[in-house]
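K.L.:
have a look at this fold, sequence not included:
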């Protein structure tokens with residue numbers, strides 16, 4: 001990315017280390033030199049500057065190697081944009097003497113890899129703290145009130161998003177303005193990007209080929225934040241070779257990928273959109289892409305949309321009056337590839353969840369018609385006709401989405417649409433049956449969620465050989481699927497949740513050999529076909545809310561006639577299952593839950609809202625279990641005495657009959673890799689984490705957690721040799737009573753330190769996690785978690801631990817009581833005969849207790865700081881634990 005500070009960093013490194021070399025030179029903007037001077041003159045300049053000689057005659061490439069192979073040189077090649085520069089100037093390692101350093105800055109990471117450069121430092125944006133500090137340098141030169149400085153800084157930080165160039169440009173002139181001037185300038189930036197920033201960022205765009213430029217502009221205008229695989233399908237349909245194009249954009253840092261979403265810095269996105277705006281400053285209808293609702297409204301209202309338009313994405317949520325879609329308005333758009341008329345948060349690209357929308361502000365005229373030749377994506381929210389036009393034949397169409405439409409029958413007969421891959425008719429409440437799929441042989445996804453009148457699925461569905469995703473969620477009239485569904489050999493996800501009249505699967509359902517996720521929550525199914533247990537690739541199975549009659553469970557082979565018999569058929573055939581949800585299924589102790597122990601791959605088990613009193617001991621056989629959710633099992637009295645140490649989250653909220661959570665259970669749950677973590681010798685290698693988290697009803701902390709205090713803070717003086725070979729982990733806990741349903745954040749701050757004057761640095765650690773409360777709590781709850789510690793903590797003599805619980809919006813929740821304990825092997829924590837006596841030293845006017853006894857309290861995870869001052873009180877100087885040395889190479 002341009003403006004990220006590559007040249008500045010390279011100069012800083014160059015100036016710091018240049019004295020260590022025989023020869024050194026910094027070649028700034030060398031890419032421009034190649035374009036202006038040519039290769040031979042560039043080589044001459046290269047040698048001339050290093051050798052400090054003029055009038056060199058470069059005839060062969062070997063001259064550089066011959067003259068420098070015995071010299072220890074430092075060379076910086078700044079802004080390299082052509083592989084020829086690297087091949088011709090710095091060739092191979094043997095061109096330079098021992099100890100030489102070559103530093104290259106470039107916007108193209110792939111260029112470095114092509115030349116065999118793999119020691120790469122990727123310059124990063126400033127975080128908020130660094131950006132704020134950077135801005136203060138400009139504010140010191142000018143007289144600003146505190147309020148003005150805070151407001152201006154907040155606006156600039158939000159606009160720049162950590163880009164050093166933007167901070168420098170805006171800070172250099174905004175701080176010289178009056179309040180009225182800089183407010184006006186900031187409002188202008190929202191419409192018109194700063195030219196200096198734009199020019200620098202646009203250099204990367206200029207280096208793209210035509211197809212890569214189209215991909216970049218489509219992402220900047222339409223697809224930022226969308227699923228990468230979905231965008232690739234659409235853009236490949238446009239003939240853009242998007243896989244290699246996206247790779248090129250990644251290499252130039254024009255985009256990033258996070259959770260498989262295509263992401264783009266706001267200033268880069270604005271740069272792309274400004275390129276499109278410049279195509280016609282006065283007439284939006286003459287641009288290639290339209291996304292701003294006022295520009296679209298203007299072009300359609302005045303019928304000025306031209307043949308230059310390739311894409312329109314209109315968010316109806318921004319319209320204040322109804323917009324008419326007429327044949328005349330679209331008549332000239334012969335190159336239209338992408339048309340999306342949607343509402344904010346219409347449907348996520350995973351197609352798994354949509355929500356109700358208000359009546360759209362769009363009206364389709366009876367003669368509404370599009371030019372179909374170039375159309376690849378057609379997304380029309382609230383399409384008002386009962387079916388598509390009889391001449392609807394977009395042969396290149398990849399996506400057809402019409403959520404909340406009035407469609408009753410999508411089309412009659414067979415439509416040959418061989419490139420169509422996505423159909424979404426979700427919440428089309430008048431849809432009665434699906435179309436014939438015989439002509440859409442490459443269809444991969446079908447979303448019919450919320451089609452409440454849908455009764456019939458065409459048997460041709462089974463002909464789709466590439467089909468992978470099928471969503472019938474909340475199709476409340478759907479009773480069954482055609483037997484041909486079992487021919488979908490590529491089907492990976494099937495969603496039938498909320499199909500309250502769905503009664504049975506086809507008998508050969510188990511032949512769906514690629515099925516990985518099956519959601520059948522709250523359906524009327526009472527039996528499963530015997531072939532069900534052949535779904536050996538099934539990873540996620542959700543039966544939540546499938547209650548059946550009391551004290552029974554319906555996971556039965558079809559031919560079992562006695563419903564009181566073995567009520568939970570062994571599921572050992574599901575050898576790949578990692579997530580099973582049986583919550584709210586009317587399970588009791590008669591439901592043969594012991595068969596769950598055969599699911600050897602299971603990682604997450606959800607059994608909440610059921611009526612059993614105990615869990616079978618076979619649960620302990622689940623060696624990979626990580627999450628066990630038992631919320632609102634109000635009859636549950638005890639957990640198995642031993643659970644697998646792989647478990648790190650135990651949810652038993654509102655299990656009001658549950659007895660004490662014993663030390664034995666807690667220790668059995670601590671992962672075995674805790675012991676590996678504590679063996680780390682260097683704190684900088686420590687990756688803090690929560691080893692276990694449990695949320696349990698109760699108004700007191702268990703007695704085996706030795707050190708307890710009212711309020712939210714505990715201080716402890718640790719005895720000698722507390723970190724011995726039997727030590728396992730730190731147990732931390734607090735009592736609270738969140739009284740609302742929702743998401744809560746807890747944080748724990750621990751400070752380890754020494755009181756001696758041996759200059760040993762203190763160790764400050766902050767960790768935390770989210771607590772999701774899905775039902776109103778009836779009483780106080782105990783949050784209990786285990787934390788391993790690195791060996792570095794063995795040097796510490798004191799610890800102070802404080803707890804904080806807040807709502808998602810930042811409001812604090814009272815911590816009533818808190819505690820810290822040390823967990824050892826061999827019951828050492830329960831037998832302290834070899835340890836000093838506990839001394840309780842109350843502090844006046846504080847809800848804190850100083851405990852002098854073996855104890856420990858170091859959470860892990862979110863943020864770790866290393867305090868170079870050993871004083872408990874002075875924490876003014878911090879350094880991040882992952883601080884690195886200056887790099888020897890950069891890119």
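P.N.:
Here it is on my side, so go on. Since this is a predicted model, take the numbers as computed values, not measurements.
K.L.:
give me every residue that touches the closest residue to residue 504 other than its chain neighbours.
P.N.:
Distances taken as C-beta to C-beta, 6 or more residues apart in numbering place residue 480 nearest to residue 504, at 5.9 Å, with adjacent residues excluded. In short, each C-beta sits where N, CA and C put it, glycine included. Neighbouring residues of residue 480 by C-beta atoms under 8 Å, 6 or more residues apart in numbering: 502-506.
K.L.:
what distance do you get for residue 480 to residue 468?
P.N.:
According to C-beta to C-beta, to the nearest Å, residue 480 stands 21 Å off from residue 468.
K.L.:
backbone dihedrals for the residue nearest to the spatial centre of the chain, please?
P.N.:
For the chain, the residue nearest the mean C-alpha position is residue 259 (4.3 Å; C-alpha atoms, centre = their mean). When read as degrees, to the nearest 10, the backbone of residue 259 gives phi 50, psi 40.
K.L.:
could I get the contacts of residue 480 as TSV with pLDDT?
P.N.:
Below are the contacts of residue 480 laid out as TSV (pLDDT from 0 to 100):
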residue	pLDDT
502	89
503	82
504	83
505	87
506	87
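K.L.:
which of those residues are buried?
P.N.:
Using 16 or more other C-beta atoms under 10 Å as the burial test, the contacts of residue 480 include 502, 504-506 as buried.
K.L.:
quick one: which of the residues you listed sit in helices?
P.N.:
Among the buried ones among the contacts of residue 480, no member is found in helices (DSSP state H).
K.L.:
wait, which of those residues is closest to residue 239?
P.N.:
residue 506 (39.7 Å; C-beta to C-beta).
K.L.:
ok, for the closest one, nearest residue in space, not its chain neighbours?
P.N.:
Distances taken as C-beta to C-beta, 6+ apart place residue 483 nearest to residue 506, at 4.4 Å, with adjacent residues excluded.
K.L.:
residue 114 now?
P.N.:
Nearest non-adjacent residue to residue 114 (C-beta to C-beta, 6+ apart): residue 83, at 5.6 Å.
K.L.:
show me the contacts for the one you found.
P.N.:
Going by C-beta under 8 Å, 6+ apart, residue 83 touches 111, 114-115.
K.L.:
10 Å instead, please
P.N.:
For residue 83, the contact set (C-beta atoms under 10 Å, 6 or more residues apart in numbering) comprises 108, 110-112, 114-115.
K.L.:
next one: phi and psi at it?
P.N.:
Per-residue torsions, residue 83: phi -60, psi -30 (degrees, to the nearest 10).
K.L.:
thinking again about what came up before, wait, isn't the residue nearest to the centre of the chain in contact with residue 227?
P.N.:
Yes: using C-beta atoms under 10 Å, residue 259 makes contact with residue 227 at a distance of 9.1 Å.
K.L.:
returning to that earlier point: give me the subset of the contacts of residue 480 lying in strands.
P.N.:
Judged by DSSP state E, the subset of the contacts of residue 480 located in strands is empty.
K.L.:
closest to residue 539 out of those?
P.N.:
Using C-beta to C-beta, residue 505 comes nearest to residue 539 of the contacts of residue 480, at 18.2 Å.
K.L.:
quick check: that closest one touching residue 511?
P.N.:
No: counting by C-beta under 10 Å, residue 505 does not reach residue 511; the two are 11.1 Å apart.
K.L.:
mutual contacts of the two, please.
P.N.:
Contacts common to residue 505 and residue 511, judged by C-beta under 10 Å, 6+ apart, are 485-486, 531.
K.L.:
just the buried ones from the contacts of residue 83?
P.N.:
For these, buried by 16+ other C-beta under 10 Å: 108, 111-112, 115.
K.L.:
I'd like the contacts of residue 83 as TSV, with secondary structure, distance to residue 279 and pLDDT appended.
P.N.:
Formatted as TSV, the contacts of residue 83 follow (DSSP: H, G, I helix; E, B strand; the rest coil; distance: C-beta to C-beta, whole Å; pLDDT from 0 to 100):
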residue	secondary structure	distance to residue 279	pLDDT
108	coil	26	80
110	helix	29	77
111	helix	30	79
112	helix	34	82
114	helix	33	80
115	coil	36	84
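K.L.:
on that earlier part again, nearest to residue 584 among the contacts of residue 480?
P.N.:
residue 502 (17.3 Å).
K.L.:
that closest one touches residue 519, doesn't it?
P.N.:
No: the pair residue 502 / residue 519 is not scored as a contact, 11.8 Å apart, by C-beta under 10 Å.
K.L.:
residue 695 versus the closest residue to residue 631 other than its chain neighbours, what's the distance?
P.N.:
Take residue 631 and drop its neighbours on the chain: the residue closest to it by C-beta to C-beta, 6+ apart is residue 608, 4.1 Å away. Here the criterion is C-beta to C-beta. By it, residue 608 lies 12 Å from residue 695.
K.L.:
mind listing the shared neighbours of those two?
P.N.:
Each of 629, 631, 651-655 lies in contact with both residue 608 and residue 695 under the rule C-beta under 10 Å, 6+ apart.
K.L.:
give me the mean pLDDT for the host helix or strand of residue 799.
P.N.:
Residue 799 is located in strand 798-807, with elements delineated by DSSP states H and E. For strand 798-807, the mean per-residue pLDDT is 82.
K.L.:
quickly run through the sheet partners of that strand, with directions.
P.N.:
strand 713-717 (antiparallel), strand 742-753 (antiparallel), strand 812-813 (antiparallel) (DSSP bridges).
K.L.:
mind listing the strands whichever helix or strand comes after the second one pairs with, and their directions?
P.N.:
Right, the one you point to is strand 742-753. Proceeding N to C from strand 742-753, the next assigned helix or strand is strand 762-773, under DSSP H and E. With DSSP bridges as the test, strand 762-773 is paired with strand 742-753 (antiparallel), strand 863-867 (antiparallel).
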